[in-house]
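[1] structural data only, the sequence is not supplied:
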């Protein structure tokens with residue numbers, strides 16, 4: 001049985017970060033969070049830690 005991964009793209013800026021989370025139907029859900037502790041805690045609620053693969057562009061000081 002093949003295990004399904006949940007791919008997550010993250011784009012971080014100074015005040016916010018945008019997230020695209022894949023779904024089993026090959027569609028993406030877009031979410032936006034504040035770039036602070038509360039925003040990251042809200043983001044973590046959307047992840048399945050055992051199956052999520054997060055990808056972030058390494059540009060600038062925010063990653």
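    Perfect, thanks for sending it. In this text the structure is predicted, and so the values were computed from the model without any measurement. Numbering: from 1, shown residues only.

[2] got any ranges where the protein has weak pLDDT?
    Applying pLDDT under 70 to the chain flags residues 1-4, 49-50, 62-63.

[3] mind listing the strands for it?
    Counting by DSSP state E, residue ranges of the strands within the chain are 6-12, 16-22, 28-34, 52-56.

[4] tell me which of the ones you listed sits nearest to residue 41.
    Checking these against residue 41 by Cβ to Cβ gives strand 28-34 as the closest, at 9.2 Å. (Glycine included, C-beta is placed from N, CA and C.)

[5] how about the closest one: buried residues?
    residue 33 (16 or more other Cβ atoms under 10 Å).

[6] and the strands of the chain as JSON lines, adding distance to residue 45?
    Below are the strands of the chain laid out as JSON lines (distance: least, Cβ to Cβ, whole Å):
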{"stretch": "strand 6-12", "distance to residue 45": "13"}
{"stretch": "strand 16-22", "distance to residue 45": "12"}
{"stretch": "strand 28-34", "distance to residue 45": "10"}
{"stretch": "strand 52-56", "distance to residue 45": "12"}
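
[7] what's the spacing between the closest residue to residue 40 other than its chain neighbours and residue 46?
    Among residues not flanking residue 40 along the chain, residue 33 sits closest, at 7.1 Å (Cβ to Cβ, 6 or more residues apart in numbering). Note on residue 33: its distance to residue 46, by Cβ to Cβ, to the nearest Å, is 9 Å.
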